[in-house]
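S.K.: After the sequence you'll find the predicted model.
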Amino acid sequence: MSFGNVPRDACVTSLASLRSTASKSANGLFSADIRTVGALLQYQRSPSVWVTAESLTVPATQLGNVYTLPSVSYNVSLNQNGSVLAVGLSAFNLGDSVLSVFTSTAGFYTETAIPLPPSANINVSVYFGNVSLNDAGDVLALSIPVDGPVGNNNIGAVWLYVLVAGVWTLTGPKIIGPNEIGQGFFGFSLSLNGARNILAVGCNVDNTGIGAAYIFNISNPANPLFVQKILGPVTSSFFGSSVSISADGFTLAVGSPDYYNPNTPSGSVYIYTNVQTQQSLWQNQFKVLIAPFDMTSFGNTLMLSADGNILAVGAATNAVIYYRTPGQSDDWTSQTLLPIPYDLVRTAGPTNQIFYVCISQDGNTIGIANPQNNNNNGASWIYTQGPLKTWTQNGPRLYGTGGPVNSFQGSAITVSGDGKVAAIVNDVSELWVFV
């Protein structure tokens, strides 16, 4: 199915790079906001903030109409150029699909529904899938954290799919967590690196809620190899609720948001560096990052840039950006609070208004979503980095048209690796794409 009336001769990449200023006017950028400074064309993104025209390539224009998903989604993943979009689904009946893949061809996205893996062992009526794509968009990982036999249905499992002659093909055995302690929700989060040779899997209830992260070598998807289990520190809680491996495969970030512990409302993020030993194992060299102030659910979502030197972390009140000094694996002394959106409208009452985050591979484009914005209508925003560590909101909020109100739009968000495409879902089985 298509996303509205998009020209048949236009692809996602060309729409993103060739989009005109006129097309931007739908998002509040009018010709009066443009000026020329010397040889540079600039335009006003927010009051008194001017940026160069190159920033026009960030997502801001809705691509076609809303797309209705088979069921609710809380997890989306785009490949490097935005041509492939994987959507993890929450299934409500045994046997329902927990994964859809959308492919862009000549300006249209077409959906491929992926059936439940034959080796899945589902014994609950409601289950959900998480997804992660590699850069090329030809390998994806799917997790179902509630997979498992009767009485142990929260063990969790992961499956790998490879695009073979245009067909998504289940490859290799069902992956489970070696030495998982209890019903740990293996697959609560997962991340493929860009080259598709490393897979990180979060298991956030492992060991009675301390949590763990697992590393696998999937250079050969037909024969995934277990590399290492990284145990959460004994002081952590729900370690593995979020994981991100840098595209180059040398840096791992693991979130420990302490969702329900009132004594530690800030949460933590742990950074690990892949030091290649003779056994090619990850050494437990880690750096712990703490929120700059009390931020409930700090680390609920996070994402690394391709080189692992910039990290975006979501929390209940804001998003925090951390910077590592290039060439120094543990120097994360610099941090920046992302500016609060100038058109954010906080909903009265709830205090736990989560900001979900994602970042492009070059580290210069960040997407954030707040599903509670404006009486639970939700919204998303795009920021770009001007000078290093200076972030500018790129125009007004992204709010997809065609869906119902109060539907928590922005319950998940992702941007493509090149930062030119964004995908957003809500709580009632709907999907929007922006370019």
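M.R.: Sure thing, it's come through.

S.K.: going forward, measure contacts and count neighbours with C-alpha atoms only.
M.R.: Will do.

S.K.: just the strands in the stretch 51-200 of the chain please.
M.R.: In the stretch 51-200 of the chain, the segments counted as strands under DSSP state E, counting those that start in this stretch are 67-68, 73-78, 84-91, 99-105, 108-114, 127-128, 130-133, 139-144, 157-164, 167-175, 186-192, 198-203.

S.K.: Quick one: closest of those strands to Pro341.
M.R.: For the strands of the stretch 51-200 of the chain, proximity to Pro341 was assessed by C-alpha to C-alpha; strand 73-78 is nearest, at 22.4 Å.

S.K.: quick revisit: can I get the strands of the stretch 51-200 of the chain in CSV with distance to Phe355, mean pLDDT and mean neighbour count?
M.R.: Output for those, formatted as CSV (distance: least, C-alpha to C-alpha, whole Å; pLDDT from 0 to 100; neighbours: other C-alpha atoms under 10 Å):
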stretch, distance to Phe355, mean pLDDT, mean neighbour count
strand 67-68, 23, 91, 16
strand 73-78, 13, 95, 26
strand 84-91, 19, 95, 25
strand 99-105, 24, 91, 20
strand 108-114, 27, 88, 18
strand 127-128, 21, 92, 22
strand 130-133, 19, 97, 28
strand 139-144, 23, 98, 27
strand 157-164, 27, 97, 20
strand 167-175, 31, 97, 16
strand 186-192, 17, 97, 29
strand 198-203, 20, 97, 29
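
S.K.: now those strands in JSON lines, with distance to Gly410?
M.R.: Compiled in JSON lines, the strands of the stretch 51-200 of the chain are given as follows (distance: least, C-alpha to C-alpha, whole Å):
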{"stretch": "strand 67-68", "distance to Gly410": "14"}
{"stretch": "strand 73-78", "distance to Gly410": "9"}
{"stretch": "strand 84-91", "distance to Gly410": "14"}
{"stretch": "strand 99-105", "distance to Gly410": "18"}
{"stretch": "strand 108-114", "distance to Gly410": "20"}
{"stretch": "strand 127-128", "distance to Gly410": "17"}
{"stretch": "strand 130-133", "distance to Gly410": "16"}
{"stretch": "strand 139-144", "distance to Gly410": "21"}
{"stretch": "strand 157-164", "distance to Gly410": "25"}
{"stretch": "strand 167-175", "distance to Gly410": "27"}
{"stretch": "strand 186-192", "distance to Gly410": "18"}
{"stretch": "strand 198-203", "distance to Gly410": "22"}
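
S.K.: Identify whichever of the ones you listed lies nearest to Gly403.
M.R.: Once the strands of the stretch 51-200 of the chain are compared by C-alpha to C-alpha, strand 67-68 is nearest, at 9.1 Å.

S.K.: Show me what the closest one is packed against.
M.R.: strand 430-434 (3 or more C-alpha pairs under 8 Å, 6 or more residues apart in numbering; DSSP states H and E).

S.K.: show me what contacts Lys229?
M.R.: For Lys229, the contact set (C-alpha atoms under 8 Å, 6 or more residues apart in numbering) comprises Pro178, Ala212, Ala213, Tyr214, Ile215.

S.K.: mind running it again at 7 Å?
M.R.: Residues in contact with Lys229 (C-alpha atoms under 7 Å, 6 or more residues apart in numbering) are Ala212, Ala213, Tyr214, Ile215.

S.K.: do the same with Ser119
M.R.: By C-alpha under 7 Å, 6+ apart, Ser119 lies in contact with Lys174.

S.K.: if I look at it, how far off is Gly386?
M.R.: Separation of Ser119 from Gly386 (C-alpha to C-alpha, to the nearest Å): 48 Å.

S.K.: How about the secondary structure of Val269?
M.R.: strand (DSSP: H, G, I helix; E, B strand; the rest coil).

S.K.: In this structure it contacts Lys287, no?
M.R.: No - between Val269 and Lys287 there is no contact under C-alpha atoms under 7 Å: 8.2 Å.

S.K.: Quick one: closest of the strands of the stretch 51-200 of the chain to Ala60.
M.R.: strand 73-78 (16.3 Å).

S.K.: Name every strand pairing with that closest one and say which way it goes.
M.R.: When pairing is defined by DSSP bridges, strand 73-78 lines up against strand 84-91 (antiparallel).

S.K.: of the contacts of Lys229, buried ones?
M.R.: Ala212, Ala213, Tyr214, Ile215 (16 or more other C-alpha atoms under 10 Å).

S.K.: Compare Val269 and Lys287 (neighbour count), which wins?
M.R.: Neighbour totals were compared for Val269 and Lys287, and Val269 leads with 26 against 16 (other C-alpha atoms under 10 Å).

S.K.: Not counting residues beside it along the chain, what's closest to that one?
M.R.: Nearest residue to Val269, sequence neighbours excluded (C-alpha to C-alpha, 6 or more residues apart in numbering): Gly255, at 4.5 Å.
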